[in-house]
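Student: Please find the sequence and the predicted model below.
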Amino acid sequence: MNHYVPPMQRALMLPTLKVLMLVQWVVVLPFLRYLPVWLGGVLALVMVWRWRVMHGDMRPAPLWLKVVSVSVGVAGLFASGLTSYTLDSAVALCLLGYLLKSLEVLRRRDAIFQIYLGFFLTGVYLLYHYSPLGALTAIAMLLANTLALHAVTADRSFEWRRGLKYSLGLLGSAIPIMVIGFLFFPRLPPLWTIPNDQRGAKTGMTDELTPGNVANLARDNSPAFRVRFDGERPPRSQWYWRGSTLGAFDGQSWRAFYNEQNRRQWPRGRLPEPTGVGDRYDYTVIIEASQQHWLYFLDWPTSVQADNARILPDGRAARQESLNQAYRYRASSSTRVDWSGENALDWYRALPNSGNDRLRAWARQRYDAVGGDETAFVDAVLDTIRSEPFFYTLQPPLYQGNNSISDFWFGDRRGFCSHYASALGFMARAVGIPSRLVGGYLGGVYNPNGDFVQVRQMEAHVWVELWLNDRWVRVDPTAAVAPNRVELNLDDWLGEENPSELPMGSRVRRGLSMFNQAGLWWDSMQYQWQVLVLNYQDDSAMGLVESHLGRINPWQAAGFMAAFLVVLGVIMAWLTGLLRLPRRLPEPWASLRRLEKRLGEREPGETVRHYTRRKAQEYPDQAEALMSVTTLIENMAYNQDQHSKKSTETRLRHLVQPIKKT
Amino acid sequence: MHDLATVTHHLQKRVRQVISGKDEAVRLAWIALLCDGHLLLEDLPGVGKTSLAQTLGRLLSMEYQRIQFTSDLLPADILGAQIYSRDKGRFDFHPGPIFTQLLLADELNRATPKAQSALLEAMEERQVTIDGEARTLPAPFYVIATQNPQSQSGTYPLPESQLDRFFLRISLGYPDVNSEKSLLKGELGRTHLLDLKPMLSAEQLAFYKQQIADVKASEAVLDYVMRLVHKTRDPQVCRLGLSPRGALALMTASRAMALTEGRNYVMPDDVQAVFPAVAGHRIQGQRSLDSEVLVRQVLDDVDVIAA
């Protein structure tokens, strides 16, 4: 006697198991570089095990082995430092489960579980990568999982050709739903944000700068932000992108007055915005996730349109939340501004009482030599940098201790922007000129395909601002030591001066003009992706919602999303035939149904006659009426010579009308 | 000439003189004959199987033979054989009991499969082949086989393929109190068999038979039949479902049932009335359910009216 096995418990065929294994690789590989190394080892072991089980060389894992594997795996995660509940540890746990699941993927139910988890992990992957390349990877993962789904559910044995055709068809037909979801899914801020990613290193300018401690500036090719100007672009030499202003100096480090620690003490209320008096530029910035609050502007900013961002008195602007995903904002800048707001100049003259004494004395001597003329003093310092053997390098020696700036100035004389800026800032303070360091980026690459300027992390820069003639003046000592650094973009500059210091990608790019074109094209595509996909937001629709319902709290947002999903689900259920809208029953069944509603349900296996007979016993008063109804229904349904269909239907309805419980 | 409903009524009344309280079984047996189908009576010994078969044969004025199946019965005992005739100096064919119009195969499952299959082949082909010579059986040719429940000792169960050849299978069950009382009083029983007068001629029977094809079956009923058949083929319910031959038998029997009720159209009630007899011996449940329970389950689960 053959025993019936429900479909979900049935064993899978060998080709299907192979596909499932392959799909597992496809899903895990993109995560591999974020995971503890030993998890890769687990993957390999599990795969070998599974391969042998599949071919019947080994027995399936017994329960104790599963328990031991899970315990060891979780302990391993703890040991790897994933102790608190973060996105990372959740993902690692999920991946561990996904890998260990293959100890028992032999039946259809397990396979389905693996596939669903694979889909889930695809979604998780998108949290880490939202570049076009990430999207392509995610699509590959989706394809792999639909392929597996086909392999598991197909009646026949698996064939690659048919499987691929099927999965591509499935993905293709999902595109309209994806587009609809993309366009209409309510992106309400409290929920629809990419979770705070603690792992992501903070990039860009920090609130503190200690030039001597930085020996090797990371030459990171990745983009910091991209700018598109509304009209004319400013000339290259003006591409100073301002981020942080470091006004407090303790002898070694420069710190921002307004930093994230003293956020509560920032000036409140509306702040006077600087008035632009030079050439005005309007532009849109898309900034990559930096895990910081600071926004970047063309020097000098005059206004900014970003949520709750204000331009602080020292010329920087912060957003309320830190940038844990790419963000777009608009701003205006002017080449010259009138800083009516500044009134704390003494802060910018403060120096510690001792340290760098030799440089202090040197500066005072120079100041006296030009007769106390501040501008002439600055020129003199810059002249010194130009004429004496100072070197610009990205790999300077370390300068540490209380006399670090002095050591740089009189010692090695090798450094990069922060060293020179720090030295100039120090000397200005030493002679009583208010000074501060400004951190940001210098330069960028204009991309003609996308009409935007791309600024990369490697273009980070520090310069000095001095209070001369009642306004802040930008002075860039780096221009004195390496004038081309200002004029050319960093790739070109390094390529000319110091090719060995170029990052690998740039070196290759420079070598092949074809690559150069492709690189520009790729940057342009990423920009378009950000503009069109990541920052897609129907602001007008959002405004409509807010104006009717006020500010939306998380519960409401969740409610909206749930409603949206329900609507989508109902539509899909209807399209796939899972949900059938109630149809109008034809006569005589409609009358029968009315009868059932009044007198009680009919059993499925009960014929009309049996039913009415039963009801006639329950309600003897209605027996006669029921008898006539029965005859009529039977005649209509089974004896198909009704010449006057309409009149029969009317008669039936009249007969059913008075019948009720008595 | 009376219509079939009246005839059926008369028939039931006459049979009551011999066996009482079995009107529905009698009707089903009568339907099997009307539909040119063989009948399998399965029940305990001594509840009136043989009496019913004899009564029907007599009432319908058919030539009647009876074979008692035993474990040492040989095919030749059923079919007949060539026997050397010394007078004529040649082999003469001596037809066996199968050359008749109504054959009662008593306790069919007591015989060995070899003997069983001799009969079962004849049932299907309506001819027998003896020593390479095909011989046609008289028409009409009906078999009413009786069978003891398979749990009883000394039985060879009929294989599924052969059960399918029986148009209907019915069981009689114990008589009710009153019937059994009259039996004990001597008012009933086989002794009264001889008093019975034939009530239908072969021509009359043929006349009623041809009416069956004209009984209307609406879409609604056909759909219901299809749902029933489909249900028996659901692997979650049945291991062995209703064959197309079974489905056809269900429809034909339902038509005949409608006629005996005096209607010229089929209703689900007719289908339900014949379904246990048609399907009971043809389907098998996944779990070893009693066939009666299984059939009941199918009837209960399938909606009479389109879902």
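Tutor: Cool, got the structure.
Student: Tell me the residues on the stretch 451-600 of chain A that lie near chain B, please.
Tutor: Within reach of chain B by CB under 8 Å from any CB of the partner chain, the stretch 451-600 of chain A has these residues: A:Trp589, A:Leu592. The way it works is simple: take the backbone N, C-alpha and C, and place the C-beta from them, glycine included.
Student: Now the stretch 451-600 of chain A against chain B: closest residue?
Tutor: Distances between the stretch 451-600 of chain A and chain B by CB to the nearest CB are smallest at A:Trp589, namely 5.9 Å.
Student: if I look at that residue, how far off is A:Asn324?
Tutor: 60 Å (CB to CB, to the nearest Å).
Student: Please apply the same query to A:Phe120.
Tutor: A:Phe120 is 21 Å from A:Asn324, by CB to CB.
Student: Which one's more surrounded, these two?
Tutor: More crowded of A:Phe120 and A:Asn324, by other CB atoms under 10 Å in any protein chain shown: A:Asn324, with 17 against 14.
Student: can you tell me the helix or strand for the more buried one?
Tutor: Using DSSP states H and E, A:Asn324 maps to neither a helix nor a strand.
Student: Which pLDDT value goes with it?
Tutor: If you check A:Asn324, the pLDDT there is 70.
Student: what does A:Asp155 give?
Tutor: pLDDT, A:Asp155: 63.
Student: And for B:Ile31?
Tutor: So B:Ile31 comes in at 92 (pLDDT).
Student: Make sure it is actually in contact with B:Glu261.
Tutor: No. The criterion here is CB atoms under 8 Å, and B:Ile31 misses it with B:Glu261 at 10.8 Å.
Student: more crowded one of the two?
Tutor: Legend: neighbour count by other CB under 10 Å for B:Ile31 and B:Glu261, higher for B:Ile31 (29 against 16).
Student: ok so that one is a strand residue?
Tutor: No. Under DSSP: H, G, I helix; E, B strand; the rest coil, B:Ile31 falls outside any strand and is assigned helix.
Student: any idea how chain A splits into domains?
Tutor: A:7-161, A:208-528, A:539-575, A:589-656 (automatic domain parsing).
Student: Show me the one of these that comes nearest B:Arg58.
Tutor: Among the domains of chain A, domain A:589-656 comes nearest to B:Arg58, with 34.5 Å by CB to CB.
Student: State the mean pLDDT of the closest one.
Tutor: The average of the pLDDT scores along domain A:589-656 is 84.
Student: Between its first and last residues, what's the separation in that domain?
Tutor: 12 Å (CA to CA, to the nearest Å).
Student: how far is it from where the chain is centred?
Tutor: Distance of domain A:589-656 from its chain centroid, counting by CA atoms, centre = their mean, to the nearest Å, is 64 Å.
Student: the helices in the stretch 151-300 of chain B, which residues?
Tutor: In the stretch 151-300 of chain B, the segments counted as helices under DSSP state H, counting those that start in this stretch are B:160-163, B:177-185, B:202-212, B:219-232, B:244-260, B:268-279, B:291-301.
Student: remind me which residues of the stretch 51-200 of chain A are low pLDDT?
Tutor: Low-confidence segments of the stretch 51-200 of chain A, defined by pLDDT under 70: A:82-83, A:85, A:155-156, A:184-200.
Student: one more time with 50
Tutor: A:190, A:194-200 (pLDDT under 50).
Student: Can you name the residues of it that neighbour chain B?
Tutor: So the stretch 51-200 of chain A never meets chain B (CB under 8 Å from any CB).
Student: Might you report the residue contacts of A:Phe410?
Tutor: A:Arg358, A:Leu359 (CB atoms under 8 Å, 6 or more residues apart in numbering or on different chains).
Student: Which pLDDT value belongs to it?
Tutor: Here the pLDDT value assigned to A:Phe410 is 87.
Student: Check B:Leu222 too.
Tutor: So, for B:Leu222, pLDDT stands at 92.
Student: burial count for it?
Tutor: 13.
Student: repeat for A:Ser222
Tutor: For A:Ser222, the neighbour count with other CB under 10 Å is 10.
Student: tell me the contacts of the residue nearest to B:Asp269 when sequence neighbours are not counted?
Tutor: What sits nearest to B:Asp269 in space, not counting adjacent residues and going by CB to CB, 6 or more residues apart in numbering or on different chains, is A:Thr607, at 4.8 Å. By CB under 8 Å, 6+ apart, the contact set of A:Thr607 is B:Met267, B:Pro268, B:Asp269, B:Gln272, B:Val304.
Student: so the fourth one touches B:Arg296, yeah?
Tutor: What it means is B:Gln272. No. Look at B:Gln272 against B:Arg296 with CB under 8 Å: they stay out of range, at 10.3 Å.
Student: who's more crowded, these two?
Tutor: Neighbours were counted for B:Gln272 and for B:Arg296 using other CB under 10 Å; B:Gln272 has more, 21 against 16.
Student: Spatially nearest residue to that one (excluding sequence neighbours)?
Tutor: B:Leu299 (5.9 Å).
Student: okay, now B:Pro275: neighbour count?
Tutor: Pro isn't right for residue B:275; it's Phe. Neighbours around B:Phe275, by other CB under 10 Å: 23.
Student: ok, now A:Ala376?
Tutor: Neighbour tally, A:Ala376, other CB under 10 Å: 14.
Student: what separates the strand or helix carrying it from the chain centre, distance-wise?
Tutor: Assigned by DSSP H and E, A:Ala376 belongs to helix A:374-387. Its chain's C-alpha centre and that of helix A:374-387 lie 46 Å apart, by CA atoms, centre = their mean.
Student: what's the following helix or strand after it?
Tutor: strand A:391-392.
Student: tell me the average confidence for that next one?
Tutor: pLDDT averaged over strand A:391-392 gives 80.
Student: partners of that strand, with directions?
Tutor: Partners of strand A:391-392 in the sheet, by DSSP bridges, are strand A:414-415 (parallel).
Student: Need the contact partners of the strand it pairs with.
Tutor: A:Pro211, A:Phe390, A:Phe391, A:Tyr392, A:Thr393, A:Pro396, A:Pro397, A:Tyr399, A:Phe408.
Student: Understood, closing this out.
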